[in-house]
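# Return atomic coordinates for the entry below.
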Amino acid sequence: MKDIKNISIWDLDGTVIDSSHRYRSKSNGDIDLQFWLDSNTPENCKKDKLLPAIRTIRSDYADGSYIIICTARVLNTWDIQFLRDNNIRYHTILARPENCSQPDAMLKEFHLRDHCAHVLKMSWTRFCMTSLFYEDSQSVIARMSEIGVKTIDSNNWNELISANEF
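Numbers count the residues shown, from 1 in each chain. Alright, predicted model coming up:
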């Protein structure tokens, strides 16, 4: 594998894709996962919109960063087609396995620590030093901070990009 200088890690929902029309919270604030799964249809996926951070992921790819999509979604054919149709390019994609109910932060840590760093033949320290994660979930942001992965709150990033548009 070539020497990777920069790794750009991207969540999807709430970061580069607005899929909020398919999202509902339970009364305790947790995601209503069953509603999400029931709403994950080709028709609904086509209604998803791109968020301003799409420019950054495209720029990172064009500049030669190694792009990892790290999502808590269970991906299906139409999700992958949406990425293709919208020119969202990546080198590696990490998603939730079917029937996995592990909390998002734990799932993403496992993917990054035990899969990506290992597959890329990098020490965890080097992986963290070369990575930047764009994420909207506060629990994931907090966990990434605890384990040494630099993270940008994509809520703020999208607002910043929107505020600077002409």
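# Tell me the first helix or strand C-terminal of the worst-scoring helix or strand of the chain on mean pLDDT.
Lowest mean confidence among the helices and strands of the chain (mean pLDDT, DSSP states H and E): helix 33-39, at a mean of 80. Per DSSP states H and E, the first helix or strand lying C-terminal to helix 33-39 is helix 42-46.
# Tell me which other helices or strands that following helix touches.
Where contact means 3 or more CB pairs under 8 Å, 6 or more residues apart in numbering; DSSP states H and E, helix 42-46 is packed against helix 77-85. (Glycine included, C-beta is placed from N, CA and C.)
# residues of the helix it packs on that come out buried?
78, 79, 82, 83 (16 or more other CB atoms under 10 Å).
# How about stretch 64-71?
Buried-residue list, stretch 64-71, by 16+ other CB under 10 Å: 65, 66, 67, 68, 69, 70, 71.
# what do you get for stretch 147-166?
Quick answer for stretch 147-166 (16+ other CB under 10 Å): 149, 151, 152, 154, 155, 157, 158, 161.
# average pLDDT for it?
Mean per-residue pLDDT for stretch 147-166: 91.
# Dump the C-alpha coordinates for that stretch into CSV.
Extracted in CSV, the C-alpha atoms of stretch 147-166 (Å, rounded to 0.1, in the frame of the first residue of the first chain):
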residue,chain,number,x,y,z
ILE,A,147,-8.9,7.9,21.7
GLY,A,148,-6.8,10.5,19.9
VAL,A,149,-8.6,11.0,16.6
LYS,A,150,-8.9,14.6,15.6
THR,A,151,-12.5,15.4,14.8
ILE,A,152,-14.4,18.3,13.3
ASP,A,153,-18.0,18.8,14.4
SER,A,154,-19.7,18.7,11.0
ASN,A,155,-22.7,20.7,12.3
ASN,A,156,-20.4,23.6,12.8
TRP,A,157,-18.4,22.9,9.6
ASN,A,158,-21.6,22.9,7.5
GLU,A,159,-22.7,26.2,9.1
LEU,A,160,-19.3,27.7,8.5
ILE,A,161,-19.4,26.7,4.8
SER,A,162,-22.9,28.0,4.4
ALA,A,163,-22.1,31.3,6.1
ASN,A,164,-19.2,31.9,3.7
GLU,A,165,-21.1,31.2,0.5
PHE,A,166,-21.4,34.2,-1.8
